[in-house]
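Asks: what would the 3D arrangement of this be:
(one chain, ligands or ions: 2)
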Amino acid sequence: MTDTIDTKTLLDWISRYREAVTEKREWLTELDSAIGDADHGANMTRGMNAVVEKLDAGAPATVDELLKTVGMTLVSSVGGASGPLYGTLFLRMGMAAGPVTELDAAALAASLRAGLDGIVARGKAEAGDKTMFDAMAPAVDALDAAIAGGASLADGVRAAADAAAAGRDATLPLVARKGRASYLGERSTGHLDPGAASTAILFETLAAAIAS
Ligand code: ADP
Ligand code: MG
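Replies: Ligands and ions are numbered 1, 2, ... in the order given. Here you go, the predicted model:
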């Protein structure tokens with residue numbers, strides 16, 4: 001374990017994320033069947049399978065190119081709202097990271113912050129709208145706070161993963177104001193947001209890759 005994340009660990013993160021969304025595919029689909037159109041599990045597995053296939057064919061050597069490849073592949077392989085949104089996350093992360101071979105905790109946090117800002121620019125979600133933002137924003141905030149407090153990279157991403165899971169759980173009572181679930185109005189309450197659930201998995205796998 002080091003205090004930077006290199007391209008090998010980023011690839012491990014991506015691979016773990018593909019495995020985790022595949023394992024939780026039915027659950028993500030169930031969540032989306034309650035307040036959407038029951039395709040979130042399929043969207044995430046299709047997208048991450050395409051990403052891993054692309055990276056297996058030749059992984060870029062720098063962080064920016066690697067993350068841009070992930071983002072472009074998600075945008076082009078996922079039809080739902082989540083494809084362009086997760087795609088934007090990785091594209092903006094790559095742009096912020098630059099042509100380096102590893103990121104320290106502060107650079108990872110800045111990259112994730114840029115990705116989150118990209119999701120907001122694209123989808124206009126605000127806190128409490130019951131979207132992936134409600135898991136991702138607390139996670140990025142927790143990473144920033146941990147770094148400001150002198151935490152290691154591993155402890156910072158652990159805190160981020162815990163905050164993402166809490167943010168996911170906090171979507172349960174919310175009424176959706178963005179995306180397909182917003183068509184249900186008040187009837188969207190009492191269900192977890194599928195995108196917040198897949199975002200919590202994204203941070204959990206990041207923590208696992210960095211801890212390994
Ligand atoms: P679709 O809604 O097109 O079927 P998915 O089911 O794959 O796409 O993804 C749905 C998830 O996308 C939602 O649970 C929510 O978290 C996220 N989402 C939808 N619209 C927005 C938005 N405008 N901003 C942020 N996240 C959004
Ligand atoms: Mg859907």
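Asks: could you find the closest non-adjacent residue to the residue of the chain found nearest ligand 1?
Replies: Residue of the chain nearest ligand 1, by Cβ to the nearest ligand atom: G195 (1.9 Å). Any C-beta I mention is one placed from the backbone N, CA and C, and that applies to glycine too. Distances taken as Cβ to Cβ, 6 or more residues apart in numbering put M132 closest to G195, at 3.5 Å, once the chain neighbours are dropped.
Asks: how about stretch 144-154: buried residues?
Replies: Buried residues in stretch 144-154, counting neighbours by 16 or more other Cβ atoms under 10 Å, are found at 144, 146-147, 151, 153-154.
Asks: what pLDDT, on average, does that stretch get?
Replies: Taken as a whole, stretch 144-154 has a mean pLDDT of 96.
Asks: contacts for that stretch, please.
Replies: 1-5, 104-106, 108-109, 113, 155-156, 159-160, 207, 210-211 (Cβ atoms under 8 Å, 6 or more residues apart in numbering).
Asks: ok now that stretch, how far from the chain's centre?
Replies: 19 Å (Cα atoms, centre = their mean, to the nearest Å).
Asks: distance between the ends of that stretch?
Replies: This stretch, stretch 144-154, spans 13 Å end to end (Cα to Cα, to the nearest Å).
Asks: what's near enough to touch the closest residue in space to G123 that isn't next to it in sequence?
Replies: Nearest residue to G123 in three dimensions, chain neighbours excluded: L85, at 5.6 Å (Cβ to Cβ, 6+ apart). Contacts for L85 (Cβ under 8 Å, 6+ apart) come out as 119, 122-123, 132, 195.
Asks: want to throw these into JSON lines with pLDDT, neighbour count and distance to ligand 2?
Replies: Converted to JSON lines, the contacts of L85 look like this (pLDDT from 0 to 100; neighbours: other Cβ atoms under 10 Å; distance: Cβ to the ion, whole Å):
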{"residue": "I119", "pLDDT": "98", "neighbour count": "24", "distance to ligand 2": "16"}
{"residue": "R122", "pLDDT": "97", "neighbour count": "15", "distance to ligand 2": "17"}
{"residue": "G123", "pLDDT": "97", "neighbour count": "20", "distance to ligand 2": "14"}
{"residue": "M132", "pLDDT": "98", "neighbour count": "32", "distance to ligand 2": "12"}
{"residue": "G195", "pLDDT": "98", "neighbour count": "35", "distance to ligand 2": "9"}
